[in-house]
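1. Fold the stuff below for me.
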Amino acid sequence: MRIAVFFMFLGILQVHATYVFSQKTKVSFNFAETKLVKVLDKIENESGYFFLYNEKLLNIDRKVSIAAKDQSISTVLDHIFAGTNVKYTIIENKIILAPEYLTKDVQQQKNKISGTITDSNNGETLIGVNVLVEGTKIGVVTDVTGKYSINAPKLNSVLIVSYMGYKSQKILYTGQQTLDIKLVAGVEVLNEVVVVGYGKQKRRDLTGSVSNVKAADVKDVAAAEFGQRLQGKVAGLQVSQVSGRPGQGMTFRIRGAASLSSGNQPLYVIDGQPITGDINLVNPDDIESFSVLKDAAATSLYGSRASNGVIMITTKQGQKGQTSLTANIYYGFQQVPQRGRPDLMNANEFATYMKGYYEDKIKYEGWKNPSTGLAEVPAEYADPSKYGKGTNWYDAVLRNAPIQNYSLTFTSGNDKSTSSSSLTYFDQDGVVLNTNTYHYAFRTNNEYRPNDKVKVGLNLAPTYQIDHNTRASIDGNRAIISGAGTSSPLIDIFDNTGNYNLKTGSYGMYALPNFVQQAELLSVNQNTFRMLGNTYVDVEIIKNLHAKAAISTDLGAADYNSYYGKLYGAFGSPPPRTTATAQSSSYNYNSWLSENTVTYANNIGEHSFDFLVGYSSQKYEQNNRVINGSGFANDAIPWIIAATTTSGNSNHIAWSVASEFARANYNFKKRYYLNLNIRRDGSSRFGENKKYGNFPSASVGWIISDESFFPKSDIVSFLKFKGSYGLTGNFNVGNYTQVSLLSATNYVFNNTTTMGQSMTSLGNKDLTWETSKQTDIGAEMRLLKNRVTVSYDYYLKKTDGMLSSLQIPYASGYSVISYNLGNFKMWGHEIQVSSDNLTGKLKWTTDFNISFNDNKVMKLINGTPIGGVSTYNDFNRTAEGHHIGELYGYIYEGVYKNQADLDSSPKEATSAIGTAKMKDVNGDGKIDIKDRTFIGNPNPKYIFGITNNFQYKNFDLNIIIAGQVGNKIMNINLQNEQNLDGIFNIDKNMQDRWRSEANPGTGQVPRTLSNTTELYRSTNTNWVFSGDYLTVKNIALGYTFNAKQLKYIKSIRLYTSVQQAFVFTKYPGQNPEVNDSRDNQTTAGLDNGSFPIPRTFMIGANINF
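-> The predicted structure follows:
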C-alpha cells in the first residue's frame, strides 16, 4: 500500500475549494515512456499534492508519455488516466486514485451494510476510507461525512478497511445491517513527517538519528513538566525525575553526560525557536509532538549549542477545513509510597538504643551523668518500656496532596488561515507540608495565507507561575525533609498547651528545631512570568524557491520574596532566633532572535535535491537585583521596608551569538541519500582569539530493500543503512570567563569597613567551546508484513577541550582561570522496536527501546584529577582512564572482630576492637587518605523503556515502563541516619551494632566508642547502593463513549490513571532516579534527602465538541 501522510478531514465546500485550487496549481515536465509512479512522484514534488492509492488496484508500472507546460493538475490527470478505469478525487491537498468500480454504488447486490467510520481516539469522521470485500473487486470509499454503504456477496464475507495513517482492519460480516467502524491511528512509519532542524523530512528520507514522539500517545500522564511524558519513550534519551518538587525536578540526558561542568541538558527548540530560559514553564498540553535529535547529522545545524543533542517541540496548530473545541480535565491526589521512606527507630527502639549507648559509655569510657555526677543512664532513656511508637517526624512533614488540570483548545482553519488557541490552568500541591505551584498558560498559533505565494505567522505563548515554598531549601542535606528524620521520636509535635514544641532533640542530641513547625512557617514565594513570541513571513519567490524571515523573542521576569521569622529555626539552631530575616529579589531577561533562511527544492528525473542557507543572530540580556533585610519588629509586616538593616546588590548579564548555516540534501531514485550541513558560530562568551567555530556534518543513507537484487519478502519489507560524521559544540560557559574579573570586597581601614574590589578569576583569550566529534552508524528495518519496526544506532563521540575552572597560584593575584582542560569519549548502542502484536478485536501494540552508554576520561591537564579531596563531603572524582564523576572513598570491610583481627590488620590511629575497618587499597599496612579509591559509577550501563497499548471496543489501556541498570548511588543521608554519636535518631539496623566480643551484632555496624567514629562517617562503600530500577511510570484505563445523541459533543473519553504506579528497586532510598547535582556530572549519583516522588491517582476526561 502506497499512502501519503496526511489525514483527510473536510466538508463539501472544502472539496469545491480544493478543486478550484487544483485548477490554479500549474506543473511543467516532459516524460516519454516513463512509469506512472515516477510521474506521480514528480507531481507530488512540484505541486505539494499527495496521492492516495492501493498498489494492488492500480498499475503503477504502466508506461505513460506526457509533455506538460504550465498545465493544471486536473488537465494532467485527465491525460494520464484517459482510457483507463481509474478515477481521481481531489480533496484539499490529497488526490485519491481508485478504480471506477470502487466509487460506484452497488445497491443491486444483497447483504447491504452501512455505517460510519470514525477515529477511535477523538470520534472524528474519516473521509476517503477504503472498504473492500476480501477476494472480490467490490469496494467503496467513505464520503465527506465518513459514511459508507456496501453490499457483501454472502454471509461470512470479510471486509478490509484501510485508511492512510490508520491501521487496517479485517471485519467478519455475519448479517449486520449497520456496522460503525473505529480506526486506530497508526501513522505509516516510513511516510511519517518528522520535525528536524530548520525543516521537516519524511522518516524514509532521514540519514540522521532522530526519534519522534506524538503527545497524543502520552496524554494520560499527569504532568506539570513535559519531561514526565517522555520517560521511557525514546532510545538514548534518559529522562530522570530527580525530585518531586511541583513544577521542577526533571533532567534530560541524550546519550549520557557530554560535559564536565558546562551543562549536559540538550538544546530545546519550540516551533523553530531555541529556548534560553526555564523549559519547565512550557505547558505540556500545548505540545503536539517531540523530535529528539541525537547525532551530528541531525544536530550540527545548531552548531555550538548542540553537543548535548536537541529536543524539537512542535506545538498544536490549526488545520485547514477543521474546526474543533477540545477540553482536557483531570483531578487526582498524590501520596508518598511507604517503599523508600527511611526505616528509623520509633520511640521505644530509640530509647532502648540510647540506654545501651550510655551503658557502653559508662562501661568503656567511665562516663558520668553531668546532672547527677553518677555513672547512670540519663533519666530520659532509663526506662524505654514507657515509650510507644512516639513521633515519626519524617511522616509528619508529608501529606496527601491534590493535583488538577483544566485545558481548553480551539482550532480552526480555512483556505486563507489557520489558528490554534489554548488556555490552561494547572494546580499542584506538594506532598511536603505547605508547598504548592499554580500555573496559568495561554498559547495562540496563527498563520495567514493572503495568496498562494505568501504565508504570515504569529505565535504567542504567555505563562504565569506561582511557586509557594517549592524553591526553598526543603530538601538537601539537613533541610526540612532529611532533618525531620533525625529528630527524636520521644518528642511530640505539640506541647501540653497545643503549641509547637520548639526543640525536638532529646538528651545529648544535636540541637534540632521542630521541622513540622518549620514547614508551616516557611514563606518563600516566587512569581514568574514568561512570554514566548514568534512572527514570520514565508514567500515563494519563484517556483520552489522560498525565503523566510522570522523574529522570535523570549521575555521573562520573576519576583522572589522570602521571610524567616524569629520562630523559624534551622538544623543545629532551634528557635527563637535573635532576629528575623528577609530577602527580596527579582530578575528580568529578554532574548531576541532573528533568523533568515532561503530554501530551494526540485527534482530532475530521478534526482531529488533541496538546499537551505540561513543567517541567525541572537542577543540575551538579564538584570538581577537582590535586597536583604533583618531586624523586623514583628512577623506581622514581613516586607523589606520594615527591616532595620538592609543590604543589596545588582548585576547585568549579556551575551550574543551570530551564525551562518547551510544544508544540502540529495537523493537518487529515493534510494541513495547524501546530506551535508555546516554552521559557523561566533559568540561573545569566548576569548578574542577563539570567538568563531565551524561545525560541519555529513551523512549518507542507502535503502537496500529497493534494490533489484534484494529478495522481496514479507519477512523484511524495508531495510535502510545510514551513517554520519560531524562536529558540534557546547558554549554553556560563564558569560565573562574570557576576561579577568573583579568582585566587590569589603576592606577594613582604621577600624572602618570600606567598599573595594578584589581580583577573582583570570581571563583567557584562548577560551573556546567544547567540540564533540561524533560518528554514527545505524539501520532501520520493517519486518513481518510491516508489523514490526526496528532501528539500531551505534555512536562514538569524542569531546575535546572540556570546559572547567583551573586553580592557579595565588601569587598571580587570581585564584582560578576558565580553561579547556581535557578530552573524553563516549560510545553506545541504541535499539528501538515497535510491533503490532494483535490486530483483531483486541488490539495490542508494543514499543520497546534500550540504550547502552559508556564514557571514559582520556586526558586532563597535567593528569590532575578533579574532586575527591575531602574525606567527609567530597564524594566524586574525575580522573584519566575512569568515568566522569565516579564515586570516591574507602572500601568498608565491617569491624575489627577481636584483638587478633586488630593486630593483624591495617589500621588508623583511632582503630580499636569493634570500630570501622577499611580496606588497605595501596597495601602499605595502614589506613589513611591514600586508601580511598573509585567505589562506584553513577552512570547507568543501560536504560530502557516499554510501552504497551491495548484496545478492545471502546476500552483502551496504556502501560508505560522505564528503568535503568548498572549505576551506583551514594546515600549521603546515612551520614545522619547511621551516626554513632547519639546525636540523631537513626536507622533501625544500628540496633545490631558491636557492643562486645560476645555481642558483636551483625559484624557490620561499629561500636559507639568516642573519638573512633569519624572514619565510619567518611565516604565509604557502606553508603553506596545499586541504582537499578524498573518503574511502571503510568497505567491508564480509558473508555470512549458514543456521543451521537449529544448535539454539541463529538466524543467523550473518560479515564483513570496511576502515575509512578510501582517501583521495583533494591535502592533503600526514596527515589532511585535521584541526582542532587542535577546537571553537574562531576558530582553525580548523590542522594542528599531529595523531595519525595509521589504516586499519583487520577481521573480525567477528554471531550471533543
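2. Need the three-state assignment for the residue nearest the centre of the chain.
-> By Cα atoms, centre = their mean, the mean C-alpha position of the chain lies nearest to Gly227, the distance being 3.3 Å. Assigned state for Gly227: helix (three-state reduction, DSSP: H, G, I helix; E, B strand; the rest coil).
3. wait, what's in contact with the nearest residue to it once chain neighbours are set aside?
-> Once flanking residues are discounted, Gly227 sits nearest to Met250: 3.4 Å by Cβ to Cβ, 6 or more residues apart in numbering. Placement of C-beta: from N, CA and C, glycine included. The contact partners of Met250, by Cβ atoms under 8 Å, 6 or more residues apart in numbering, come to Glu225, Gly227, Gln228, Val239, Ser240, Gln241, Val242, Asn280.
4. I'd like the distance between Met250 and Ile637.
-> The gap separating Met250 from Ile637 is 38 Å, by Cβ to Cβ, to the nearest Å.
5. shouldn't the residue nearest to the centre of the chain be in contact with Gln238?
-> No - using Cβ atoms under 8 Å, Gly227 is not in contact with Gln238, being 10.6 Å away.
6. Quick check: neighbours shared by the two?
-> Counting by Cβ under 8 Å, 6+ apart, the residues touching both Gly227 and Gln238 are Phe252.
7. Give me the pLDDT for Val516.
-> What the model reports as pLDDT for Val516 is 96.
8. Doesn't it lie inside a helix?
-> Yes - counting by three-state DSSP, Val516 is found in a helix.
9. That one and Leu433 touch, don't they?
-> Yes - Val516 lies in contact with Leu433 (Cβ under 8 Å); the separation is 6.9 Å.
10. Could you name every residue contacting both of those two?
-> Here Val516 and Leu433 have Val397 as joint contacts, going by Cβ under 8 Å, 6+ apart.
11. For this protein, just list every one of the helices.
-> For the chain, the helices defined by DSSP state H occupy 12-24, 36-47, 73-80, 100-103, 296-299, 347-365, 379-382, 393-396, 480-486, 515-521, 899-904, 974-977, 1014-1017.
12. Could you dump the ones you listed into TSV and include distance to Gly629 and mean neighbour count?
-> Converted to TSV, those look like this (distance: least, Cβ to Cβ, whole Å; neighbours: other Cβ atoms under 10 Å):
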stretch	distance to Gly629	mean neighbour count
helix 12-24	64	15
helix 36-47	67	19
helix 73-80	72	18
helix 100-103	79	15
helix 296-299	47	31
helix 347-365	40	19
helix 379-382	40	16
helix 393-396	31	20
helix 480-486	23	27
helix 515-521	17	22
helix 899-904	57	12
helix 974-977	32	22
helix 1014-1017	37	19
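13. Of the ones you listed, which is nearest Thr789?
-> Smallest distance to Thr789 across the helices of the chain (Cβ to Cβ): 18.7 Å, for helix 296-299.
14. So what touches that closest one?
-> Applying Cβ under 8 Å, 6+ apart, the contact partners of helix 296-299 are 196-197, 206-210, 267, 293, 306, 309-310, 675, 677, 697-699, 724-728, 772-774, 776.
15. Just the CA atoms of that helix, as CSV, please.
-> What follows is helix 296-299, C-alpha atoms only, in CSV (Å, rounded to 0.1, in the frame of the first residue of the first chain):
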residue,chain,number,x,y,z
ALA,A,296,25.8,15.2,14.5
ALA,A,297,23.9,14.9,11.2
ALA,A,298,20.7,15.8,12.9
THR,A,299,22.1,18.5,15.3
